[in-house]
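J.: Take a look and give me a structure for this.
(3 chains)
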Amino acid sequence: MAFWLFLMSGLAVGALYALGGVGLVLLNRATGVLNFAYGALGALGAMCAWQAMQWGWPEPCAWALSMAIGLAISLGFGALVAPALAKREPIVKALATLGLALSLLGVMNLLWVVTPRRLSLAYDALSIDLGGLRITATRLLALAAGLAVTGLMGLFLARTRVGLMMRAIAENREAAAILGAPIRKVEALAWGLSGLLAGFTGMLFGDLVRLDPAVLTFMVIPIVATTVVGRLTSIPVTFAAGLFIGAVESLSALAPPLAPFRLASPFVVAIFMLLWLNRGRALTFADKD
Amino acid sequence: MKIKFAVAGGLGALVLGVSGVQAAPHCGLGNGQKATGAPIKVGAVVGRTGPDDFSSSARAAKAYFACVNENGGINGRPVDYLIEDDQWNPEVAGQVATKLVKDQKVVALVGNGSFVEMSVNAKLYAAEDVMSMASACAASECFESKNIVSTNEGPLVSSVGAAQWAVTKKGAKNLVCIGLNIPSVGQYSCGWTEKYMQSKGLKASSILMDPGSADVNAAVLQTVASGADTVLVNLPAGLAAGYLKAAQEQNLRDQFIWTSSTPLYDRAVPDMLGDYWQGHITVNIELTPYDGKGADATNWREVMDKYAAASDKRDTFSESGYLSAKYFVNTLLKLDPTKIDRPSVTAAIRAIRNEKSDLMCGPYYVGDGDRHQPNHANMMAEVVKGGFKIIGDCTDVNSAYLAPVRAEEKRIGLAP
Amino acid sequence: MSFTRWPRQQWAPALAVGLAALATIFLANGLWMKVLTSVAIFTLTAMSVALLYRRLGQISLGHVALMGLGGWVALRFSHGFSLPFELNLLAGGVVAGLVGVALAYPALRMRGLYLSLVTLMAAGGFSIVVNNTQFPNGADGFLGFAVRATAYMPRPVLAQSDAAYFIYCLVVTGLGFLLVHLHEAGKPGRAWALIRRSEATAMAAGVNVTLYKVWGFALSGFLAGAAGALLAGSLQLLDAHSFPPADSVMICALTIVGGAWNWFGALIAALLFRLAPALLNDWGLNGNAAYIFFGLALIHALATAPRGVAGKLEEALAAGNRK
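T.: Numbers count the residues shown, from 1 in each chain, chains lettered A, B, ... in the order given. Sure, this is the predicted structure:
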């Protein structure tokens, strides 16, 4: 019985990891950049939304604000900074997003005095009872959103023309340009979509985890673990990995020797899965990544 | 030190409105003359930038010193108060303490508030024989060092106080303590709370969480699985709010007696917790209430209104910072102003025996011992709509941890 | 090696650093002595990160965690056995080197961003583990930790004061640099260069690719572990808060910004990592404003200087050489 409760609880947290991971992989597939600022973008959106609700704005407007901010900053970064780094290695592009994350964190801490805050959304009031554990509608929304993004975006990238161009640009920017892909427009679309998703995800994280800029910003590190399992390319695997990691983290609470190290679950799972997936593989004629 | 401007300034607006009616605060000599002598250098190390802002103690001390400087100073000499930010980083804490103690040659440190600096700098303070009259201590090292004495109680005394109240007033039989998994904070305070319960023949357990946890749900489930009838929340305010929200999700309010240590005693908390929790959770407070009517409490508010920024928090640590500064000034006023140097100041601080204030439950003293914990009696408050209601008066805390402290009090003649 | 015709871009930085070191020893006060000791220590770390990048094409996002491990071992040995500081330092370096070897094995199977993320995962895991086990503080038992007053690690016999310890760190960092230089000028350096060019060619030429890759990781890990032990000696204790994964990512980013291809690039990285924040803190600038400045500076440097600040400096110095 306890096992079941902890498992369900773990899946509920895993849904968050999965949603974040899917957003990261999406951007990576479309632009080749692993966005370390994803958490910070979401955090900024959530803080602005909270502020707006304090000023009396209705909740749907706050949601829209959060997504708009994510969209704007992500688009700005994608248009102004990313092209300058287009020819560098993926790790350098990722480190540039780290710079963005730091700047956003500084801005948030300057604008909002560090004090406990709580983000309450309308869906918090609704909940369903699953065998003794209550799950709020907000959590179910996170799960549903993760599933939706996984399904829709997977189809989008695989089946549409724009999706094809996105993947081509991420693979080899110059070749895609020669072939006539409208680089700037497609990249803008990719960054913009990612920003929208970051703003949306940020609201859910702010509600379900904690409304604290630093905590939300650094959550990107365990979320990166889910993307690692998905090899930075497979959205469904990333989604599943997120759920799995959440479950492992929660269930570890039941095993006393492991319990203090629960929070290392994302990292342990990621390393294990990587080693397992790459077993027997030897690099000889290695080319690019 | 730069002054921060908060956008969410509900508190600021309230204070600005109130400060239109300014009473004259009293500090130091209280003679209204600006001090113009040779400045006395005093330092402070606070954790300002980082996971939380722990600087309200130093801000309050700064306000008090500003008031003192306009009211005759220390027998004519102004206080030059140097505040440094340790950024919650042990390396930086060591660096800025060296700057204050070795380079600036401060005569003492007043108003320190940090999670990390006490353990890093205890050795430096002892080696240089400089006293730190701290105000916001959260880790065991602060209460177990020769040269550090704090006006606040720390998580251990606050937790045991809350447990004690739950046992005596609410009949708690089985308590679960939710704390941080940082040993000098969580194991220290929850561990001794368990010992307290066991000393009364009752049961207790702990659930320790990592401060960076995204998943507070598991802690909630563990709480249910523990079989306790009382939950003692011993977490920093932000994390505590997350934990209580998860508990609310599971509708656990009526299944347990809920109590907490000091971090939840914050003006923003009652609104943040919402009407679900109002009237159902009690908080132990380390000093007396921030809306208290006593002379010192009123004076503290007046000093803050006149000399501090509107955005400076008026919370428990602001009270303790004010007290540290006040006791420091009282001590120095007894010295010959031409002979104020580190050795004389250190000796004078150690000689503090029986300073009283309505902001603190018991007398404040220092002494020559290897550990200092003058503040070990506390009050209980309940979270109600719009604020807090005092439900328990000053009660001394009965923990075996305090045995050496009580022995010292007996030795210097303070104990009853 | 003839000294008479050394180009400017080689002796100018060396001279500048030498003068700065002398100035520090004689003029620095308590605060700056400590800060610059930190800079010297992190120069060693940055050097180890740069080595991995420059010679093996690998980016490690976990080197601060390796420092933490080295520091842990040094502290445990110091509290457990009464050995001289130098042996504790070596112990820390060796254990971190062995972990570096462990990291080499995934490196044989993946590359690029992947491998970097594995190191990030390892750093994340380390910080969780060390938050639970804490650093040794003089208690008994394998973990050497108990909730008690901290016992302080003794400094080296030759370097008890802050000023002497600064010189000690400079010497150790210098030795580290020498070690790297000897490797690069010798057989391992040639093997690494060939491997970086083309692994297939290296194998065809009879180079034991696996061995040299592992050796590179071991050396890098050893240097980072030694830096961690130096840090432990500087503060005489270590705190679990000091080794978050974010710091590992930061030092790596700054190593690239400083420039991984010149020896003074590592120094620039350490200056940015430890001196710049200390200066900003000293001037009373709000730490959060410093974050913003740092983040933007990072983006700018990454975008405009592929070989880092050191690379730009070198170009500037060399430009004057053509006369």
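J.: Tell me the secondary structure at B:Val231.
T.: strand (DSSP: H, G, I helix; E, B strand; the rest coil).
J.: ok, for it, nearest residue in space, not its chain neighbours?
T.: Once flanking residues are discounted, B:Val231 sits nearest to B:Phe256: 4.7 Å by C-beta to C-beta, 6 or more residues apart in numbering or on different chains. Glycine gets a C-beta too; all of them are placed from N, C-alpha and C.
J.: What about the one you found, how many residues nearby?
T.: Per other C-beta atoms under 10 Å in any protein chain shown, the neighbour tally for B:Phe256 reads 21.
J.: Contacts only, for it.
T.: Residues near B:Phe256 by C-beta atoms under 8 Å, 6 or more residues apart in numbering or on different chains: B:Thr223, B:Ala228, B:Asp229, B:Thr230, B:Val231.
J.: can you give me the helices in the stretch 101-250 of chain A?
T.: Ranges of helices within the stretch 101-250 of chain A are A:137-159, A:161-171, A:173-178, A:183-208, A:213-218, A:220-229, A:235-251, based on DSSP state H, counting those that start in this stretch.
J.: same question, the stretch 51-200 of chain C
T.: Here the stretch 51-200 of chain C has its helices, by DSSP H, counting those that start in this stretch, at C:63-80, C:85-107, C:112-133, C:162-185, C:187-197, C:199-204.
J.: and the angle from the third one to helix C:85-107?
T.: Orientation of helix C:112-133 against helix C:85-107 (axes from the mean of the first three to the mean of the last three C-alpha atoms, to 10 degrees) gives an angle of 130 degrees.
J.: Would you mind listing what in the stretch 1-150 of chain A touches chain B?
T.: Applying C-beta under 8 Å from any C-beta of the partner chain, we find that the stretch 1-150 of chain A lies next to chain B at A:2, A:5-6, A:9-10, A:12-13, A:16-17, A:51, A:54, A:109-118, A:120, A:124, A:127, A:133-136.
J.: And the contacts of stretch A:60-77?
T.: Contacts with stretch A:60-77, where a contact means C-beta under 8 Å, 6+ apart, come from A:37, A:41-42, A:44-46, A:48-50, A:52-53, A:57, A:97, A:100, A:104, A:188, A:191-192, A:194-200, A:202-203.
J.: Low-confidence stretches in the stretch 201-323 of chain C?
T.: Along the stretch 201-323 of chain C, segments meeting pLDDT under 70 span C:321-323.
J.: and the helix or strand harbouring C:Ala226, anywhere near chain B?
T.: When elements are assigned from DSSP states H and E, C:Ala226 belongs to helix C:209-235. Yes: where contact is defined by C-beta under 8 Å from any C-beta, part of helix C:209-235 touches chain B, namely C:Leu231, C:Ser234, C:Leu235.
J.: give me the element C:Ala301 is part of.
T.: Assigned by DSSP H and E, C:Ala301 belongs to helix C:287-304.
J.: That helix packs against which elements?
T.: helix A:90-111, helix C:245-258, helix C:276-282 (3 or more C-beta pairs under 8 Å, 6 or more residues apart in numbering or on different chains; DSSP states H and E).
J.: Count residues in the vicinity of the spatially closest residue to C:Val309 that is not a sequence neighbour, would you?
T.: Closest residue to C:Val309 apart from its sequence neighbours, by C-beta to C-beta, 6+ apart: C:Ile268 at 5.1 Å. Using other C-beta under 10 Å as the criterion, C:Ile268 is surrounded by 24 other residues.
J.: near chain B, which residues of chain C?
T.: So far as C-beta under 8 Å from any C-beta goes, chain C lies against chain B at C:29-31, C:33-35, C:38, C:128, C:131-132, C:134, C:145, C:147-150, C:152, C:162, C:231, C:234-242, C:274, C:277-278, C:281-282, C:284-288.
J.: switch to 6 Å and redo it
T.: C:29-31, C:34-35, C:134, C:147, C:149-150, C:152, C:235, C:239, C:242, C:281, C:286-288 (C-beta under 6 Å from any C-beta of the partner chain).
J.: If any of these are buried, give me the PyMOL selection for them.
T.: Burial among the residues of chain C next to chain B is assessed by 16 or more other C-beta atoms under 10 Å in any protein chain shown; the matching PyMOL selection reads:
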select buried, chain C and resi 30+31+34+35+134+147+149+150+235+239+242+281+286+287+288
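J.: rewinding a little: can you put the helices of the stretch 101-250 of chain A in JSON lines and add mean neighbour count?
T.: Converted to JSON lines, these look like this (neighbours: other C-beta atoms under 10 Å in any protein chain shown):
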{"stretch": "helix A:137-159", "mean neighbour count": "18"}
{"stretch": "helix A:161-171", "mean neighbour count": "18"}
{"stretch": "helix A:173-178", "mean neighbour count": "14"}
{"stretch": "helix A:183-208", "mean neighbour count": "24"}
{"stretch": "helix A:213-218", "mean neighbour count": "24"}
{"stretch": "helix A:220-229", "mean neighbour count": "27"}
{"stretch": "helix A:235-251", "mean neighbour count": "24"}
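J.: Same list (the ones you listed) but as a markdown table, adding distance to chain C.
T.: Formatted as a markdown table, those follow (distance: least, C-beta to the nearest C-beta, whole Å):
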| stretch | distance to chain C |
| --- | --- |
| helix A:137-159 | 19 |
| helix A:161-171 | 12 |
| helix A:173-178 | 16 |
| helix A:183-208 | 15 |
| helix A:213-218 | 6 |
| helix A:220-229 | 5 |
| helix A:235-251 | 11 |
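J.: Need those helices in a markdown table (columns: mean pLDDT).
T.: Formatted as a markdown table, the helices of the stretch 101-250 of chain A follow (pLDDT from 0 to 100):
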| stretch | mean pLDDT |
| --- | --- |
| helix A:137-159 | 86 |
| helix A:161-171 | 84 |
| helix A:173-178 | 84 |
| helix A:183-208 | 90 |
| helix A:213-218 | 90 |
| helix A:220-229 | 91 |
| helix A:235-251 | 92 |
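J.: one step back: give me the phi and psi for the residue nearest to C:Val309.
T.: phi -60, psi -40 (degrees, to the nearest 10).
J.: Next up, the contacts around it.
T.: Contact analysis of C:Ile268 by C-beta atoms under 6 Å, 6 or more residues apart in numbering or on different chains lists C:Gly258, C:Val309, C:Ala310.
J.: Show me which of the residues you listed is closest to chain B.
T.: Of all the contacts of C:Ile268, chain B sits closest to C:Gly258, with 19.5 Å by C-beta to the nearest C-beta.
J.: Now for that closest one: which residues touch it?
T.: Contact analysis of C:Gly258 by C-beta under 6 Å, 6+ apart lists C:Gly265, C:Ile268, C:Ala269, C:Gly308, C:Val309, C:Ala310.
J.: With respect to chain A, which of those residues is nearest?
T.: Of all the contacts of C:Gly258, chain A sits closest to C:Gly308, with 11.0 Å by C-beta to the nearest C-beta.
J.: Check the burial of the spatially closest residue to the closest one that is not a sequence neighbour by counting its neighbours.
T.: Once flanking residues are discounted, C:Gly308 sits nearest to C:Gly259: 2.4 Å by C-beta to C-beta, 6+ apart. By other C-beta under 10 Å, the residues close to C:Gly259 number 28.
J.: before we move on, what about the one 4 residues further on?
T.: Other residues within reach of C:Trp263 by the criterion other C-beta under 10 Å amount to 18.
J.: State the pLDDT value of the closest residue to it other than its chain neighbours.
T.: Excluding its sequence neighbours, the residue lying closest to C:Trp263 (C-beta to C-beta, 6+ apart) is C:Phe177, at 6.2 Å. You'll see C:Phe177 listed with a pLDDT of 93.
J.: What separation do you get for C:Phe177 and chain B?
T.: Distance of C:Phe177 to chain B, computed by C-beta to the nearest C-beta, to the nearest Å: 23 Å.
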